[in-house]
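*Asks:* Next one to model:
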Amino acid sequence: MKKKVLLVYDDFNEMTLTESYLKKVGVDVIGISNEASLSDQILSFHPDVVVIFRQKQKTSSFAVGQKLGKNRN
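*Replies:* Next up is the predicted model:
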């Protein structure tokens, strides 16, 4: 069974590079650039792991953590 990873990156180039690396090793990956669609992606994709990378501080890791807590099921 493939693992599912949801990437929340504020740097598009870094996100696409990480996506390509993970796909090469056989991981299902979806990348988003802000937390606005995070709840929808969690409900539809059901990721095993959520990776947050914020370089330019467009993405709030606190806000992402709150949304993850609300969508535990």
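*Asks:* Roughly how far does residue 42 sit from residue 48?
*Replies:* According to CB to CB, to the nearest Å, residue 42 stands 11 Å off from residue 48. Backbone N, C-alpha and C define where each C-beta goes, glycine included.
*Asks:* With neighbour numbers in mind, choose between these two.
*Replies:* More neighbours surround residue 42 than the other of residue 42 and residue 48, with 18 against 13 (other CB atoms under 10 Å).
*Asks:* So for the helix or strand containing residue 31, mean pLDDT?
*Replies:* Assigned by DSSP states H and E, residue 31 belongs to strand 28-32. For strand 28-32, mean pLDDT is 95.
*Asks:* Can you spell out which helices and strands pack onto that strand?
*Replies:* Here strand 28-32 touches strand 4-9, helix 12-24, helix 38-45, going by 3 or more CB pairs under 8 Å, 6 or more residues apart in numbering; DSSP states H and E.
*Asks:* For the shortest one, name the packing helices and strands.
*Replies:* So the one you mean is strand 4-9. Strand 4-9 sits against helix 12-24, strand 28-32, helix 38-45, strand 49-53, with contacts defined as 3+ CB pairs under 8 Å, 6+ apart.
*Asks:* same thing with the last one?
*Replies:* Taking 3+ CB pairs under 8 Å, 6+ apart as contact, the helices and strands that helix 38-45 lies on are strand 4-9, strand 28-32, helix 61-70.
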